[in-house]
Every structure is written in C-alpha cells, then in structure tokens.
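Visitor: here is a sequence together with a model predicted from it:
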Amino acid sequence: PVLKLSTVKNSDESRTLIAVFNYKDKETKESFSIKGAKINFYIGVDSIVKIGTVETNENGIAKCDIKSDFIFPKNEEGFIHFGADFEGNDLIGSASNELDVKDLIIELTLEEIDSVKTVTVKVAQLNGKNERMPLNEVEMPVCVARMFSHLKLGTIALTDGEGTFEFPSDLPGDTAGNIV
C-alpha cells in the first residue's frame, strides 16, 4: 500500500491534512483506492502527538481538519512536522508518510493604477518564533481559475517579500466580464 500525505492552509487560517491511501497491483500496474482504512494523523517537533483518526472514503481519501486557533509546534527554522499512518491489518500491510511545511502569509491586493490593473503580492514566512520574515528572490505564479485547471498568466519576482504584476486587459471573464 501507498499512503500519500499533503496539507492545505485554508483562507480562514485553518488547515486540512489530506491522506490518499491506495495500492498498485504488481502485475497489472493498476491502482486501487482503499476504502474504510483508519488513518492516524500526527503533529510534532520534539514529541509526536496524535491529533485524530479518520476513515478513508470510497476514493481512499481521509481528511483531518485542524481549527484556525490551533498552535502549531515549529522547529527553530519554522518547519511544522506532520505525519500519517495506517497500522495495518490481516489483509493490508502498514504504511506511513511524513511532511514538513513552513507557514506562509500571502497578502494579495488587486487595484487599478493609472488605468492598469495591477496585482500586488506581499509574502512572508513565519520562523520558529512566529516572526514574519519577507521572502526574497522567489517567483510566485499568477494564475486564474478555469473550468478544468488554472491558467498561468505570469510570475511575480519577489524582492523584500513584495512584487507586482500587470494583469492582462484582454483576458475574457464570465458573462458580466468578471474573472473568478
């Protein structure tokens, strides 16, 4: 079995841990989702703490939601450590995965400056003491949502945690002209 682990930081500052549990047939190379497996989720730096157990759905996905007021333990570089595991049973072997992430604060401003639609981004990462540290020499993609994917319009090069991008004026929107 294979257990993949990812996380999403939501706009309300909550976080969702996502485990995808499946196995691949060695002969056919076909992948199958594992439904009903109990996935344990963990967090910690010096000591690991179990924060929940969630059963996988029909697609082999288990999601563990963490409220916005949760205080994430971080190491001195600002990394948050997550883990997930399946303990195994008589039919399926055990599996686990770990993930380290850094918290980013992204502020997005959309404004029209001298009739030019401008996107301004400010990005900072939180260090181990929860202090904001501006990101430097990093490129942030600028995308808009489309029906099946995101359309990349360009990139913003960050200097001292800030950068701007001229939004194209010829990009079609919905029936009212809004770009969602």
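Guide: Perfect, thanks for sending it.
Visitor: for Glu166, see how far away the most far-flung residue of the chain relative to its centre is.
Guide: Centroid-distance maximum for the chain: Asp114 at 34.9 Å, with C-alpha atoms, centre = their mean. Asp114 sits 11 Å away from Glu166, going by C-beta to C-beta, to the nearest Å. For glycine as for every other residue, the C-beta is placed from the backbone atoms N, C-alpha and C.
Visitor: before we move on, what about Asn97?
Guide: 40 Å.
Visitor: same check, this time on Ser68
Guide: 34 Å.
Visitor: likewise for Asp160?
Guide: 20 Å.
Visitor: over to Lys129?
Guide: For Lys129, the distance to Glu166 - C-beta to C-beta - is 36 Å.
Visitor: which of these two has more neighbours?
Guide: Glu166 (13 against 9; other C-beta atoms under 10 Å).
Visitor: would you agree that one is in contact with Lys117?
Guide: Yes - Glu166 is within contact range of Lys117, at 7.3 Å (criterion: C-beta atoms under 8 Å).
Visitor: list the contacts of the residue farthest from the centre of the chain.
Guide: By C-beta atoms under 8 Å, 6 or more residues apart in numbering, the contact list for Asp114 is empty.
Visitor: cool, the one 3 residues further on as well?
Guide: If a contact means C-beta under 8 Å, 6+ apart, then Lys117 has 110-111, 166-167, 169 as its contacts.
Visitor: for Arg132, same thing?
Guide: Here Arg132 is in contact with 105, 124-126 (C-beta under 8 Å, 6+ apart).
Visitor: returning to what we had before: of the contacts of Lys117, just the buried ones, ChimeraX syntax please.
Guide: Typed into ChimeraX, the line below selects the buried ones among the contacts of Lys117, using 16 or more other C-beta atoms under 10 Å:
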select :167
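Visitor: what is the lowest-pLDDT residue among the contacts of Lys117?
Guide: Ranked by pLDDT, those bottom out at Ser169, which has 77.
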